[in-house]
Structures are given as structure tokens and as C-alpha cells.
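Q: Structure of the sequence below:
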Amino acid sequence: MIDPNHLQTNAENYQNRSEPEAKSKGWSLTGGYVNEDTTDDFPRRTFISGVFGGLSVSLFTNHSHIDRFCSDDNEGFQVTIHHPAEFPNMNTNFRVPLDQTVLVAIKPTLITVSEELINYKPEYRKCYFSNERNLTYFLSYSQQNCLDECLTNYTMQYCGCVAFYMPKSKSFPICGLRRIDCIERSKNDYLLDSSNTTDCNCLPSCTSLKYEVEISQSNWAWRESFMLRKTLENISSDIFSSFEKSHYSKVIVYFKDMQFLALERHAIYGTIEFFSNAGGLLGLFIGFSLTCAIEIVYFLTLRLVCNIKKFGRKFWSGQEVSNQK
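A: Reported below is the predicted structural model:
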């Protein structure tokens with residue numbers, strides 16, 4: 001994710017948030033990366049596909065940190081894939097189980113629009129350009145950011161407070177443990193009533209980036225690997241004693257292919273297409289062409305005026321004059 005100061009309008013309101021090591025530069029959702037071969041841009045990027053060019057993250061947790069009451073028998077880590085300018089939506093996550101390795105192959109889906117659609121209203125083209133819709137809590141527009149903001153406002157009206165992970169205003173109080181049930185009820189009511197999302201008018205972004213994922217997983221015998229390192233590198237046993245009641249997991253995210261196909265929205269019938277299709281249909285049914293149109297204009301205007309001036313109004317066609325001869 002990009003720097004919160006470049007994503008949210010009031011990032012300073014969030015306590016205990018982690019600061020990124022690098023500031024966002026050289027990337028935007030609409031334009032992508034400015035430089036094609038620079039490695040200093042942030043968000044980071046890879047130039048090759050496959051596991052070797054992917055992101056590998058090792059996740060550690062102590063056995064004492066696992067709360068059976070809260071885990072609901074689904075132990076592990078939750079991971080979500082999203083583009084850098086979008087607020088993470090944990091409702092679309094997948095799980096990384098304890099003591100397992102998960103491989104995530106991603107395939108991007110990029111949708112853009114043609115420049116001719118700028119002249120259309122958003123309700124006709126069914127999307128917003130980045131400068132057409134401003135959000136209260138986010139600096140950049142996306143459909144997911146808009147829906148998150150809409151849910152925050154609905155929760156505030158329903159419960160009088162918001163969850164700690166929601167985008168919010170500085171004046172919004174954070175719900176405590178006693179209000180968790182209210183947050184869940186408000187979320188269910190919000191999702192079940194389609195008018196809530198309709199009123200927010202959260203159309204897709206005209207430039208949208210989504211990721212399709214393919215997941216595979218296997219057991220990770222990390223203890224055996226650590227013990228082998230201990231033997232080969234002559235490492236003290238005290239270092240590994242704390243690992244007896246620990247859990248390690250690994251997730252590797254990589255691009256499946258080197259290239260992907262982008263989709264583009266465009267008008268089915270623009271001005272040029274309309275006239276070309278109209279001319280084609282007229283030519284098909286009545287033999288009409290541009291030459292025919294010029295001839296009609298000629299006979300109704302120039303030819304008529306010339307005949308009247310030459311032969312008079314009575315014999316403007318010239319027919320009777322030729323017969324008298």
C-alpha cells in the first residue's frame with residue numbers, strides 16, 4: 001500500500017500506524033509507472049514472473065498468542081490482494097494456515113476507457129474519472145474506497161461510533177468491545193439493503209485494477225530445516241529453544257505471466273460510427289450514396305435556379321421549348 005498520507009485525507013488520525021520506509025513516487029493508478037526500467041519507484045515492482053521474482057513473506061506467531069475463543073477454529077493469517085491506492089478490504093481475504101507455505105499466483109485485470117468517453121456523463125458511461133468524484137476520507141477514488149466510506153458513515157449513524165479499522169473523521173469515536181455486536185449488525189443491514197449502496201452512488205473507477213489469484217499450499221517442515229541449520233552451522237541450542245512453541249508460515253506472491261491483456265471501455269456508436277452505419281444502411285436498402293445526396297441537392301437548388309433564369313418560370317424545365325422547335 002502507498003504512503004497513508006497519499007491515500008487518506010486524515011491519516012494522522014490513526015494511532016499506532018506503521019510508517020512506510022519509502023514515500024510513494026513514480027506510480028499512479030491511471031498512468032502506472034512513469035519510468036519503465038527504474039527500481040527506485042515505490043510501490044516496489046518486479047520485472048520477471050514466477051516464484052523467483054515474487055514477494056516472499058515469513059509470518060511468525062507464538063503459541064501463547066493464539067486465542068481459541070476468537071480464532072473460531074480458523075487459525076492462521078489473513079491476507080488480501082489489492083492495488084496500492086485502494087484501502088484493504090478484509091472481506092475478500094484468503095487464509096494462510098499455521099506451519100504451511102502458500103503460493104499465490106496473481107493475474108492482473110486492467111480496465112481503462114477511451115478518451116471519447118470523457119464527454120459522456122458518469123451515469124451514462126457507468127464509471128468515474130479520478131477528478132470527477134471526491135471522497136471525504138480518501139485522496140484517490142476507487143469503488144472499494146467509496147464503499148468503505150459509505151459503510152463508515154452508515155455505522156456511525158447506526159451505532160454512534162465506528163470500528164478502529166474503518167476510515168473515519170477525527171470527530172468519530174471508536175467503538176469498544178461492548179459495541180462489536182452493533183458493528184456486525186450494522187454491516188449486515190448495510191449489505192442486505194441494496195438501497196444503502198445505491199444511495200452512495202459508488203460507480204467503478206474508469207481505470208480499475210483487480211487481481212485474480214490462484215492459491216496452492218503445502219505443509220512447511222520449518223522445524224526440521226531449523227534443526228538442520230543448527231547442526232551444520234553449530235548454532236547454540238538456546239536460540240532454538242524458543243521455537244518449540246512457535247508457528248511459522250510463509251506466503252509467496254508472484255505474477256503468473258509476463259504480460260496480461262488490458263480491457264478498454266469505448267462507445268459502441270459514436271458520431272463517426274453513427275453516420276457510417278446510417279450511410280451503409282441507406283446504401284443497402286435504397287442504393288443511396290454520397291453522390292446521390294449531392295445530386296439531390298444539385299437538382300433541388302442549383303439546377304432549378306439556373307433553369308428558371310434561362311427559360312423563365314413557365315418553361316423552367318426546358319421541355320416545352322424543345323417541343324416547339
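Q: per-residue confidence at Leu177?
A: Per-residue pLDDT puts Leu177 at 85.
Q: sorry, that was for Val162
A: 92.
Q: Show me what it is bridged to.
A: When bridges are called by DSSP bridges, Val162 pairs up with Ile174.
Q: quick one: buried residues of stretch 55-75?
A: Residues Glu75 are the ones in stretch 55-75 that count as buried (16 or more other C-beta atoms under 10 Å). (C-beta placed from N, C-alpha, C; glycine too.)
Q: go on, stretch 163-177?
A: Quick answer for stretch 163-177 (16+ other C-beta under 10 Å): 163, 166-168, 172, 175.
Q: Redo the residues you listed as TSV? Include distance to Thr271.
A: What follows is the buried residues of stretch 163-177, written out as TSV (distance: C-beta to C-beta, whole Å):
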residue	distance to Thr271
Ala163	49
Met166	45
Pro167	41
Lys168	46
Phe172	48
Cys175	53
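Q: Pick the one among the residues you listed closest to Thr61.
A: In terms of C-beta to C-beta, no member of the buried residues of stretch 163-177 lies closer to Thr61 than Ala163, at 22.8 Å.
Q: Grab the nearest non-local neighbour of the closest one.
A: Nearest non-adjacent residue to Ala163, counting by C-beta to C-beta, 6 or more residues apart in numbering: Ile183, 5.2 Å away.
Q: Summarise which helices and strands the helix or strand that contains the one you found is packed against.
A: Element membership for Ile183 (DSSP states H and E) is helix 180-192. Helices and strands touching helix 180-192, by 3 or more C-beta pairs under 8 Å, 6 or more residues apart in numbering; DSSP states H and E, are helix 143-159, helix 194-200.
Q: Show me the contact partners of it.
A: With C-beta atoms under 8 Å, 6 or more residues apart in numbering as the contact definition, helix 180-192 has outside contacts at 150-151, 154-155, 158-159, 162-163, 175, 196-197.
Q: can you tell me the average pLDDT over that helix?
A: 89.
Q: ok, back up a step: for the buried residues of stretch 163-177, work out which two are farthest apart.
A: Pairwise distances across the buried residues of stretch 163-177 peak at 14.3 Å for Pro167 and Cys175 (criterion: C-beta to C-beta).
Q: Among the contacts of helix 180-192, which one sits closest to Glu224?
A: Out of those, the member with the shortest distance to Glu224 (by C-beta to C-beta) is Ala163, at 40.8 Å.
Q: if I pick that closest one, what's in contact with it?
A: 155, 174-175, 183.
Q: By mean pLDDT, which helix or strand of the protein comes out lowest?
A: helix 319-324 (a mean of 50; mean pLDDT, DSSP states H and E).
Q: Can you list the low-confidence ranges for the stretch 101-250 of the chain?
A: Along the stretch 101-250 of the chain, segments meeting pLDDT under 70 span 196-197, 230, 233-244.
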